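1. Need coordinates for the following:
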Amino acid sequence: MIRAVVWNEFVHERENPLVKSVYPEGIHAALAAALNADPGIDASTATLDQPENGLPEDRLRDTDVLLWWGHKAHGQVEDATVDRVAQRVHEGMGLIVLHSGHFSKIFRRLMGTPCSLRWREAGERERLWATNPSHPILAGLGDRIELPSEEMYGEPFLVPEPLETLLVSWFEGGEVFRSGLTYQRGAGRIFYFRPGHETYPTYHDATVRQLLRNAVHWAHNPAPAWTDVAEAPNVPVDRAPERIAEKGPKLHKPGEEGYR
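-> Numbering: from 1, shown residues only. Got it, this is the predicted structure:
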């Protein structure tokens, strides 16, 4: 049984009625329900407002794979929480970073880069093309994923070269984006998956839910090889600035002043 924890800020759902209508119990609850549909996964949840951000040391020690969704409150995550999560990834815990989690403290720590990108929120169609359909994360999903409405993320995406690029997105505005990337830090496997803006029902999509179940199985390391992270390979120097005000330049929707 893979023990997974879905971490979510749980801010938008409490402040925005539209988001609450899409995810009444929170994005974390929807994701946990998707994972628990797999008899091999036991998923629970944690949120920002809980003591130690819901991720104390003993909880992380019992976690095989951590899923991370953040957007509005990256700066409110305690540095001690980031340290604990990074330590566990190096020791062998899997990490799946979702959507705007690209700008979270933990992802920037592990990447060692700003992780910025171009973006536009216009409810555009997104088509995610599978570059390696035989990969375990994409098993049984075909050659593409179609999402009728999503926020646009565009290149350049300032992350290190991944081990694998599994998905490339195309948007109606013409932009493309590397939307499914794998990394390894120490003994821990990391998967970044782009879709999941809070105002769209992306995490109710059956294909997306299957992909995330696949990703949990892929990220699970049943026998972590490293307990001393100082000796673990693939640990980058943390070059990301302590504070970055914006995740990248906003792009305008077609027909809007400033669109290019």
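2. buried sites along the helix or strand harbouring Pro148?
-> According to DSSP states H and E, Pro148 maps onto strand 144-154. Buried residues in strand 144-154, counted by 16 or more other Cβ atoms under 10 Å: Ile145, Leu147, Glu150, Glu151, Met152, Tyr153, Gly154. The way it works is simple: take the backbone N, C-alpha and C, and place the C-beta from them, glycine included.
3. Can you tell me which of these is nearest Gln76?
-> Minimum distance to Gln76 across those is 21.5 Å, recorded for Glu151 (Cβ to Cβ).
4. surely the closest one meets Leu117?
-> No. Taking contacts as Cβ atoms under 8 Å, Glu151 lies outside contact range of Leu117: 10.9 Å.
5. picking that back up, send the alpha carbons of the helix or strand just after the strand holding Pro148 over as CSV?
-> Per DSSP H and E, the first helix or strand lying C-terminal to strand 144-154 is strand 164-171. Below are the C-alpha coordinates for strand 164-171, written out as CSV (Å, rounded to 0.1, in the frame of the first residue of the first chain):
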residue,chain,number,x,y,z
GLU,A,164,12.2,13.1,-19.2
THR,A,165,9.7,15.4,-20.9
LEU,A,166,6.5,13.3,-21.0
LEU,A,167,3.9,15.9,-22.1
VAL,A,168,4.0,19.0,-24.2
SER,A,169,1.0,21.4,-24.1
TRP,A,170,-0.5,23.4,-27.0
PHE,A,171,-2.9,26.3,-26.3
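6. Do a quick rundown of the helices in the stretch 51-200 of the chain.
-> Counting by DSSP state H, counting those that start in this stretch, the stretch 51-200 of the chain has helices at residues 57-61, 79-91, 105-111.
7. what about the protein, any weak spots by pLDDT?
-> 224-260 (pLDDT under 70).
8. And the strands in the stretch 101-250 of the chain, which stretches?
-> Using DSSP state E, counting those that start in this stretch, the strands of the stretch 101-250 of the chain run over residues 118-130, 144-154, 164-171, 176-185, 188-193.
9. Specify the stretch among the ones you listed that is closest to Arg84.
-> Here strand 188-193 is closest among those (Cβ to Cβ), at 13.0 Å.
10. Identify the residues contacting the closest one?
-> Contacts with strand 188-193, where a contact means Cβ atoms under 8 Å, 6 or more residues apart in numbering, come from 88-99, 101-102, 107, 110, 137, 159, 162, 167, 179-184, 211-212, 215, 218-219, 221, 224.
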